[in-house]
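Enquirer: predicted coordinates and the sequence they were generated for:
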Amino acid sequence: MKILFLGFISATLASSAFAARDSSLDILIGQSYQTTSFNGNDSTSGKDISLGIRTDYRLFDNLKLELSLNNYQESAGSYIDEQLVLQESRIKTTSVDLGFKYGVKLVEDWTIYGHLGVSSWEINIKEGVTELPKENNRLRDEDMYYSISLDYDHNDYDAFGLEYKVIDIDYSEDSILISNKVQTLSVYFKTKF
């Protein structure tokens with residue numbers, strides 16, 4: 001419900017952004033690295049391509065509201081559980097993020113941004129994890145995300161950038177504790193309107 005409300009607020013702000021020309025649309029591509037532990041046991045980890053799309057709206061000179069959709073693809077690996085049984089797992093993570101970013105101009109055409117917000121994530125565990133019933137392999141919750149990015153303004157209409165982002169996912173239900181740290185390094189193309 002919180003995400004639906006925040007999405008409504010973002011859509012309302014975005015509609016006024018088109019008239020004010022204080023918004024942008026980013027396409028992100030990069031590499032994600034996920035490290036996952038189940039009930040505190042050995043971790044699985046993996047790298048894959050990450051894809052994302054983000055829009056933002058300028059609230060004040062240096063402060064923007066942002067909304068993004070991200071696909072961190074899949075990490076695969078194996079670990080030994082508490083019964084000393086080898087478990088295989090493939091984990092796919094996606095998120096919808098809503099937050100703020102604050103920018104500081106370094107030199108002409110270069111701006112550094114700090115991002116902070118709420119990530120509404122979904123993890124799809126494709127195999128392994130014997131404690132999870134088959135119908136419960138798709139987990140959802142919210143956690144904080146943070147990132148830092150560097151923009152180069154190519155001209156008044158577009159920019160390029162580099163971003164490092166982290167989501168620390170902690171999920172607990174009954175006797176299951178899953179920790180999944182998602183780190184991404186992305187390049188992006190920004191178009192301003």
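Expert: Received, thanks. Numbering: from 1, shown residues only.

Enquirer: which helix or strand lies directly C-terminal to the worst-scoring helix or strand of the chain on mean pLDDT?
Expert: Here the helix or strand of the chain ranked lowest by mean pLDDT, DSSP states H and E is helix 2-20, holding a mean of 51. Using DSSP states H and E, the next helix or strand after helix 2-20 towards the C-terminus is strand 23-38.

Enquirer: tilt between the longest strand belonging to the chain and strand 23-38?
Expert: The longest strand of the chain (DSSP state E) is strand 86-107. Strand 86-107 and strand 23-38 are oriented at 150 degrees to each other (axes from the mean of the first three to the mean of the last three CA atoms, to 10 degrees).

Enquirer: now do the buried residues in strand 86-107.
Expert: The neighbour-count check on strand 86-107 (16 or more other CB atoms under 10 Å) flags 87, 89, 91-99, 101, 103 as buried. Every C-beta, even on glycine, is put in place using the N, C-alpha and C of the backbone.

Enquirer: roughly how far is it from the heart of the chain?
Expert: 2 Å (CA atoms, centre = their mean, to the nearest Å).

Enquirer: now do stretch 45-60
Expert: That offset, for stretch 45-60, works out to 6 Å (CA atoms, centre = their mean).

Enquirer: mean confidence for it?
Expert: Model confidence over stretch 45-60 averages 93 on the pLDDT scale.

Enquirer: hmm, Lys126 is touching Glu88, no?
Expert: No: counting by CB atoms under 8 Å, Lys126 does not reach Glu88; the two are 9.4 Å apart.
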